[in-house]
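Novice: From the sequence below, what's the structure:
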Amino acid sequence: MAGFQAFADYIICEKPIVNVEVNNQAIGYEFEIKYPSYRGTYVSCIENLEITVDGRKIDPEDMRFRINKKEFLFDQIPELYSEYWFIHDNAVIRILKDEGLPKGMEHEISVEMSHRIPYTGYFGSYLVLNSKNTKKLQVL
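Specialist: Purely as a prediction, here's the structure:
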């Protein structure tokens, strides 16, 4: 069952992209997202999460999902039934590829998420909301 774009305008936070550095060497970059609904949910309710940067779809193997001060691989998301994503907490998407992004420049970030609403599981089917948004964010 497919739903509407709930709170899609808010999924990408209005915070800059930050390069991830180890020993003064950029190994990737990260940005923050919000759960696109008026209620929080368990992370396992995320059915699909796709990230595109400057028109290039990012391979899930190159991404990490950080919530509640814990970092997870993207393929662990379906198993995170005890990790709750509260609506006031941002998740961090970390992309460990390339050498970061050039500082001071804007980059186009697109996030597309399908997420199951757990309290709608009546008669064996759940409401699934699809949220998609694109924003230009600057690299600090």
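Novice: which strands and helices sit next to the lengthiest strand in the chain?
Specialist: Assignment by DSSP state E gives strand 106-122 as the longest strand of the chain. For strand 106-122, the elements it packs on are strand 41-42, strand 46-53, strand 125-138, judged by 3 or more CB pairs under 8 Å, 6 or more residues apart in numbering; DSSP states H and E. C-beta here means a position set from N, CA and C on the backbone, and glycine is covered the same way.
Novice: starting at the chain centroid, how far to the shortest one?
Specialist: What separates the centre of strand 41-42 from the centre of its chain is 14 Å, taken as CA atoms, centre = their mean, to the nearest Å.
Novice: partners of that strand in the sheet?
Specialist: Paired neighbours of strand 41-42 in the sheet (DSSP bridges): strand 84-85 (antiparallel).
Novice: hang on, isn't Asp75 packed against Asp59?
Specialist: No. In this structure, Asp75 is not within contact of Asp59 by CB atoms under 8 Å, at 11.3 Å.
Novice: tell me which element Ile27 falls in.
Specialist: strand 25-33 (DSSP states H and E).
Novice: Tell me which residues of that strand come out buried.
Specialist: Ala26, Ile27, Gly28, Tyr29, Glu30, Phe31, Glu32, Ile33 (16 or more other CB atoms under 10 Å).
Novice: Over to stretch 77-94?
Specialist: Ile77, Leu80, Glu83, Trp85, Asn90, Ala91, Val92, Ile93, Arg94.
Novice: for stretch 62-78, same thing?
Specialist: Under the neighbour-count criterion of 16+ other CB under 10 Å, stretch 62-78 has Met63, Arg64, Phe65, Ile67, Phe72, Phe74, Ile77 buried.
Novice: do the same with stretch 40-56
Specialist: With burial defined by 16+ other CB under 10 Å, the residues of stretch 40-56 counted as buried are Thr41, Val43, Ser44, Cys45, Ile46, Leu49, Ile51, Val53.
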